[in-house]
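1. Next input, structure requested:
(one chain, ligands or ions: 1)
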Amino acid sequence: MNKKIAVVGAGLMGGGIAQACAQAGYQVINIDVYEPALVKAKANIEKLFNKKIDKGTMDEQTKVEIMSRLDYSSSFESLLDVDIVIEAVPEKIELKKEIFSQIDKNTKDDVILVSNTSGLSISEIASATSKPDRVMGVHFFYPAPVMKLVELIKGIATSEETYEVIKEFSLSIGKQVVDCPELPGFIVNRILVPMMNEAAFLVMEGCSPQDVDTAMKLGANHPMGPLELCDFVGIDVMLATMNGLYSGFKDSKYRPCPMLENMVKAGHLGRKSGEGFYKYNR
Ligand SMILES: NC(=O)c1ccc[n+]([C@@H]2O[C@H](COP(=O)([O-])OP(=O)(O)OC[C@H]3O[C@@H](n4cnc5c(N)ncnc54)[C@H](O)[C@@H]3O)[C@@H](O)[C@H]2O)c1
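-> You can find the predicted model right below:
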């Protein structure tokens, strides 16, 4: 636990990853260029912990201890003494490369750099640094403090030593690890997203969303129907992942359902917009 961790990006994933690391006993600094994101990330954790205290599942002392291990900053200079940097900025390759280059210049030589990308090439991200052997992918799931799985992805240049350090670190924050090829979708999204896409095809062909979801919940024992899940993650996010599989493999079996494209154009993005396959009170 004597390693110091930095999480770059304090959004949905970064804030949660920082929390998971601090809960496991690490000293963590969460960095974001956007000050309000830092304020919100800290407030979200405090709110969550206060709820746990109210429910009797956490005591005040534990909250104080975990919060004392969390720092927030908008300066990359805070990276100078960290051992592992976990990047969680938006899924754009040019942005990630720019940030990795910036992180590279502000960290010590033996740092390990991790990306939480959902599907971009680790080798390409690593190419923006002076130490591609010390870069790898760790794909967390939302919400990061709760979801048990992380997918580990080596780039072409990732060293065995880097892999072993990151595997041990992942286990130390209570995660179960799986090794994934550096291919679009890794394991979970490669299986899950085409299933959601196929569910959208069924609706386009005349099935009701309710029937599709009921069929998968009662016939396949899924806790949530595939279309409920589409609405939950966001139709735009789901379509982007499907497009990533399609362009990554150049295989027609990953063609996105045209209905999803129309839904995105119409602004029907799921829960966050108030309407997707279902309607929601906002
Ligand atoms: N949302 C999910 O369910 C999920 C799950 C697994 C992986 N991911 C991946 O995690 C990454 C982040 O996704 P998210 O949903 O947390 O995004 P988000 O938009 O919620 O957060 C991104 C944060 O990065 C910050 N940021 C932007 N540019 C920056 C810069 N130059 N320096 C520092 N911070 C900067 C933004 O201010 C924002 O707070 C993406 O690569 C995404 O594919 C997302």
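
2. Would you enumerate the residues in contact with the residue of the chain found nearest the ligand?
-> Ranked by C-beta to the nearest ligand atom, the top residue of the chain for proximity to the ligand is residue 11, at 1.8 Å. Any C-beta I mention is one placed from the backbone N, CA and C, and that applies to glycine too. Listed by C-beta atoms under 8 Å, 6 or more residues apart in numbering, the contact set of residue 11 reads 32, 37, 41, 88-90.

3. That one and residue 222: what is the separation?
-> Distance, residue 11 to residue 222, using C-beta to C-beta, to the nearest Å: 28 Å.

4. got the contact list for residue 187?
-> Per C-beta under 8 Å, 6+ apart, neighbours of residue 187: 151, 178, 180.

5. measure the last one to residue 136 for me?
-> From residue 180 across to residue 136, the span is 11 Å (C-beta to C-beta).

6. shared neighbours of these two, which are they?
-> 152-153.

7. Comparing these two, which residue is more hemmed in?
-> Comparing residue 180 with residue 136 by neighbour count (other C-beta atoms under 10 Å), the higher total belongs to residue 136, at 26 against 19.

8. Now do stretch 181-201: distance to the chain's middle.
-> For stretch 181-201, the distance from its own C-alpha centre to the chain's C-alpha centre is 15 Å (C-alpha atoms, centre = their mean, to the nearest Å).

9. and that stretch, which residues are buried?
-> 182, 184-187, 189-190, 192-194, 196-197, 199-201 (16 or more other C-beta atoms under 10 Å).

10. from the residues you listed, which ones fall inside strands?
-> Judged by DSSP state E, strands contain none of the buried residues of stretch 181-201.

11. Please list which of those are also close to the ligand.
-> When these are filtered against the ligand using C-beta under 6 Å from any ligand atom, no residues are retained.

12. Sort out for me which of these are in helices.
-> 189-190, 192-194, 196-197, 199-201 (DSSP state H).
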